[in-house]
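Engineer: return a 3D structure for these sequence lines:
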Amino acid sequence: MVYYGQSWSQEVRVAPAIELSQEEEAELIRLAHSKATSVRLAERARIVLLAAQGLQNLQIAQELGIDRITAGRWRQRYIKSGLAGIERDLPRGAPPVKVDVAKLVELTTQSQPEAATHWSTRKMAAVLQVSPSTVMRHWQANGLKPHLVRGFKVSRDPKFVEKLEDIVGLYMSPPEHALVLCCDEKSQVQALDRTQPGLPMKKGRAQTMTHDYKRHGTTTLFAALNVLDGTVIGQCQQRHTHAEWLKFLRQIDRETPKGKTLHLIADNYATHKHAAVQAWLGQAPQVPHSLHPDQRVLAEHGRALLPRYHHRTPAARRVHQRGRAGGGDQAYVAHHNTSPKPFIWTKSARDILQKVIRANSRLSGKQNGTLH
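Structural biologist: Numbers count the residues shown, from 1 in each chain. This is a model prediction of the structure:
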């Protein structure tokens, strides 16, 4: 409200008046004088009572020892919302953004972003107009991890069940007076060296190395893991043919106890089933049982050694230190055998078959014609 005095050039601002009923005035007086009332609410009640008496904001501020803006704010709040307007403060900051969780889950599971293989928090946040942290929070609440992909393979081998029972039986309950060896190979192991020497690690600085490297040829690591005690029989050769595989089998025959029967488990790589290899196995009395399952996961029990080698000994394959490719491989196998640990198989054949049945039913529901 504005009125003009004697001079038309002078404007005087008058605060809006407050009219209280007897009940409202009694309640405000109670709040202003009650010891159970918070200090802030009691002060706001006094502001409203003084405003109802006709005092202006500046006069109320001088009376209560506050500033004029505070008196005007709570006058306006009471006029607009009544007692509820002074009982609590207005929420601070921007109002929370509501996320359509159903749409977020549907986009994550049923679609892909443009020119990308999977959703990221930033891409999804840009589509839904929310923050990346909000997307991550709802992904975690719904158990969604778009960046992870789990591989699978459903065998089409007609003798899969028979092989599964044989191999799992060997892993979980090997025969007496016998050794179960999981055989595998890692081809194309590179012997690398950096183009310049790096600096060692010290406090406050990581070890350094150049981004480029020199390649000194490749080698193939053949390995056989003893399921019983975790020891490894290893050999490095330049090529990966049936001749090298046969040479490795002869090494296994030499380094295992003569009184033990050997059960060798390898994948169905053509080298392992070569006629010369089969002929040697037929003449070796110590190796009556050699399995070549089509399901590689059953045969690669011994491959667990190979990733540990690559992650833990990147410098062991340097040719200038070992003199030849494969020297680091042999050194790692020897170090592993100083304190071996058995790799224990825990999944039963029944559990695996149940999982295969569930996978087949789900894939059949998706009309996957490759299984039929």
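Engineer: does Ala71 touch Gln62 like I think?
Structural biologist: No. Ala71 is not in contact with Gln62 according to C-beta atoms under 8 Å; the separation is 9.5 Å. Where C-beta positions appear, they are placed from N, C-alpha and C, glycine not excepted.
Engineer: neighbour count for the two, which is higher?
Structural biologist: Between Ala71 and Gln62, counted using other C-beta atoms under 10 Å, Ala71 has the larger neighbour count: 28 against 13.
Engineer: tell me how far the more buried one lies from Leu64.
Structural biologist: Note on Ala71: its distance to Leu64, by C-beta to C-beta, to the nearest Å, is 7 Å.
Engineer: residues shared between the contacts of these two?
Structural biologist: Taking C-beta atoms under 8 Å, 6 or more residues apart in numbering as the contact rule, Ala71 and Leu64 both touch Ile47.
Engineer: got the contact list for Gln112?
Structural biologist: Listed by C-beta under 8 Å, 6+ apart, the contact set of Gln112 reads His118, Trp119.
Engineer: what's the helix or strand for it?
Structural biologist: Under DSSP states H and E, no helix or strand contains Gln112.
Engineer: over to Cys182?
Structural biologist: Using DSSP H and E, Cys182 sits within strand 178-194.
Engineer: list residues touching both of Ala71 and Gln62?
Structural biologist: Listed as contacting both Ala71 and Gln62 by C-beta under 8 Å, 6+ apart is no residue at all.
Engineer: hmm, back to that, just checking, what packs against the helix or strand following the strand holding Cys182?
Structural biologist: Per DSSP H and E, the first helix or strand lying C-terminal to strand 178-194 is strand 213-226. The helices and strands touching strand 213-226, judged by 3 or more C-beta pairs under 8 Å, 6 or more residues apart in numbering; DSSP states H and E, are strand 178-194, strand 232-237, helix 242-255, helix 305-312, helix 319-322, helix 327-336.
Engineer: pull up the pairing partners for the second one, direction included.
Structural biologist: When you say that, I think you mean strand 232-237. Note on strand 232-237: by DSSP bridges, its sheet partners are strand 213-226 (antiparallel).
Engineer: flag every buried residue along the strand it pairs with.
Structural biologist: By 16 or more other C-beta atoms under 10 Å, the buried positions in strand 213-226 come out as His216, Thr218, Thr219, Thr220, Leu221, Phe222, Ala223, Ala224, Leu225, Asn226.
Engineer: how many residues are close by Pro257?
Structural biologist: 10.
Engineer: how much space separates it from Val130?
Structural biologist: For Pro257, the distance to Val130 - C-beta to C-beta - is 65 Å.
Engineer: what about the strands in this protein?
Structural biologist: 2-4, 11-13, 178-194, 213-226, 232-237, 261-265, 289-291 (DSSP state E).
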